[in-house]
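Participant: Turn this into a model:
(chains A and B)
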Amino acid sequence: MAKYLLLKHYRGTTPTPNQFPSMDQWTPEEVEAHFQFMRDYAARLEASGEMVGGDALSSDGAWVQYGGEGKPPVVDGPFAETKDLIAGWFIIDVDSYDRAVELAGELSAAPGPGGEPIYEWLELRPFMSAPPAVTE
Amino acid sequence: MADLGELRELVPRVLSVLVGRGADFATAEDAVQEALIKALDWGDRPPADPTGWLITVAWRSFLDMARSEASRRDREVRFDTEPPVGAVPSADDTLRLYFLCAHPDLTPSSAVALTLRAVGGLTTRQISAAYLVPEATMAQRISRAKRTVASAGVDRPGDVSTVMRVLYLVFNEGYSGAIDLAAEAIRLARQLASVVDDPEAQGLLALMLLHQARRPSRIRADGSLVPLADQDRSLWDTALITEGVDVLQAALQRDQVGEYQVQAAIAALHADAPRVEETDWVQIVEWYDELLRLTDTPIVRLNRAVAVGEADGAPAGLAALATVPSDVPRRDAVAAHLHERNGELELAARLYADAARNAPSVAEREHQTRQAARVGQLLRQEG
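Facilitator: Below you'll find the model as predicted:
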């Protein structure tokens, strides 16, 4: 088993096959279908025993840096642009890299306007693991 | 399996007895936890005197802990194995325990954790599950809290207002499924109101009961939020409402109004309306005016603006909203609602989208996104 981080960003990275308007421009039915898809996706991962966890992040936030001796930290924010920010993540524990790719592909097909897949780019990152017991 | 709920009722008394016999708070608290865990082995044959049993077992655990600690420090054991039977623990003992756990030197999260364990009798695992942090993290937080209380001494414990703030925090956290924190907060607030002579403690209990009564209608099965106006009022728990109103009336009769009583009065007026159209918004605004006099915070102003909008119309609500700073959470959502009712749909749609972007929870974000999409559709139909 290997753990992967499935990272969602606020707009997905460009270029995407089709650029959609932001969600508040969708019809209520399209919004509802998207929410339902996300709930079903999480439920499927739980049912298959591959879900480790997931969380959503607020779009608030800032960049912070050490400010130097005796000075307060430097705060740059709130963010002017949210499109490159992390929106949330799933952590999955799967048998193979192929399975992780398959699951990310499913999530990327979440429905948007007209029920079309939104083709959202997702960042898929393997976790560093503990060293194995058998090394040779 | 022993009924843990009933056992936990006994925790403050057992802990008070140990402390009354001279045990230090931190070790005594650990000993009571051990006794509770042993009590789970009672099965369906509990002892005739559960409190006596718990005191005996907890005292033995305490002696073991104190002895190993003492021998570690190369000291003599100072405790007799057969202690004199102390006075029966009184309401004051329970109250002192509450005060200790809400010690002013503790951070709010530490006070919450210590209260749930030492007064509530929850295990560290249960508390960590409720707050979605690892058990080791919660264990560390609790032991640090106990060290803080021990070193600060018991001379300067918290007072009833800090205790109420802690219980309010527990209640407001809602629930994660494993442990119903709201129900636990109500249990502790009920106990507090019975041992302290303060109408605000009754006000806090009433506030919790009246909000808990509406909980079945607040969230749909899929986790989505239902605004007050759309809630199915037949789902409201009338027994809790009746109790909440009774407790509140008893408190208000004492004529020492405070913020919990006022908030409970507002909740009672909502609970009193069989249909949303019958809500007495004029009286609700009067209570918000009172609340503003007691505690003038941006959140109170924001909620007052909602009530003013209902009582005197959207323009009046928007005028009241003008005094609320722009960075207050949920301000966009309130502004969107008032502008929509004022017929300014384009502005409302934009504000709902802003509210979704700034929402502090996923449920709130989804709710505001739905609102934006709904108003967007209205605009397209008009245009």
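Participant: is it true that A:L5 touches A:W89?
Facilitator: Yes. Applying Cβ atoms under 8 Å, one finds A:L5 in contact with A:W89, separated by 5.7 Å. The way it works is simple: take the backbone N, C-alpha and C, and place the C-beta from them, glycine included.
Participant: which stretches of chain A form strands?
Facilitator: Using DSSP state E, the strands of chain A run over A:2-9, A:51-56, A:63-65, A:74-76, A:86-94, A:123-126.
Participant: Any idea which residue of chain A lies closest to chain B?
Facilitator: Proximity of chain A to chain B (Cβ to the nearest Cβ) peaks at A:D24, 3.4 Å away.
Participant: pLDDT score assigned to that residue?
Facilitator: Looking at A:D24, its pLDDT is 87.
Participant: quick one: terminal-to-terminal distance for stretch A:70-80?
Facilitator: Across its full length, stretch A:70-80 reaches 28 Å between end residues, using Cα to Cα, to the nearest Å.
Participant: give the contact list for B:V306.
Facilitator: With Cβ atoms under 8 Å, 6 or more residues apart in numbering or on different chains as the criterion, the residues that contact B:V306 are B:317, B:334, B:337-338.
Participant: PyMOL command for the buried members of those residues?
Facilitator: To isolate the buried subset of those in PyMOL, counting by 16 or more other Cβ atoms under 10 Å in any protein chain shown, use the following:
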select buried, chain B and resi 317+334+337+338
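Participant: on that earlier part again, in JSON lines, list the strands of chain A along with distance to B:Y131, mean neighbour count and mean pLDDT.
Facilitator: As requested, those are exported to JSON lines (distance: least, Cβ to Cβ, whole Å; neighbours: other Cβ atoms under 10 Å in any protein chain shown; pLDDT from 0 to 100):
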{"stretch": "strand A:2-9", "distance to B:Y131": "23", "mean neighbour count": "18", "mean pLDDT": "93"}
{"stretch": "strand A:51-56", "distance to B:Y131": "14", "mean neighbour count": "14", "mean pLDDT": "92"}
{"stretch": "strand A:63-65", "distance to B:Y131": "25", "mean neighbour count": "10", "mean pLDDT": "93"}
{"stretch": "strand A:74-76", "distance to B:Y131": "27", "mean neighbour count": "11", "mean pLDDT": "93"}
{"stretch": "strand A:86-94", "distance to B:Y131": "19", "mean neighbour count": "18", "mean pLDDT": "93"}
{"stretch": "strand A:123-126", "distance to B:Y131": "27", "mean neighbour count": "14", "mean pLDDT": "95"}
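Participant: Redo these as a markdown table? Include distance to chain B.
Facilitator: Below are these laid out as a markdown table (distance: least, Cβ to the nearest Cβ, whole Å):
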| stretch | distance to chain B |
| --- | --- |
| strand A:2-9 | 12 |
| strand A:51-56 | 5 |
| strand A:63-65 | 18 |
| strand A:74-76 | 15 |
| strand A:86-94 | 9 |
| strand A:123-126 | 20 |
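Participant: Quick one: name the residues of chain B near chain A.
Facilitator: Proximity of chain B to chain A (Cβ under 8 Å from any Cβ of the partner chain) is limited to residues B:222-224, B:349, B:352-353, B:356-360, B:362, B:365-366, B:369-370, B:372-374, B:376-377.
Participant: From those, list the buried ones, please.
Facilitator: Buried among the residues of chain B next to chain A (16+ other Cβ under 10 Å): B:349, B:352-353, B:356-359, B:362, B:365-366, B:369-370, B:372-374, B:376.
Participant: if we can go back for a sec, could you dump the strands of chain A to CSV with distance to B:L167?
Facilitator: Compiled in CSV, the strands of chain A are given as follows (distance: least, Cβ to Cβ, whole Å):
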stretch, distance to B:L167
strand A:2-9, 37
strand A:51-56, 27
strand A:63-65, 34
strand A:74-76, 34
strand A:86-94, 32
strand A:123-126, 42
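Participant: so which of the ones you listed comes closest to B:A35?
Facilitator: strand A:51-56 (34.2 Å; Cβ to Cβ).
Participant: just the angle between the closest one and strand A:86-94, please?
Facilitator: Between strand A:51-56 and strand A:86-94, the angle comes out at 180 degrees (axes from the mean of the first three to the mean of the last three Cα atoms, to 10 degrees).
Participant: what's the spacing between strand A:51-56 and its chain's center?
Facilitator: Relative to the centre of its chain, strand A:51-56 is centred 10 Å away, using Cα atoms, centre = their mean, to the nearest Å.
Participant: okay, the angle between that strand and strand A:2-9?
Facilitator: Using the same axes, to 10 degrees: strand A:51-56 against strand A:2-9 is 20 degrees.
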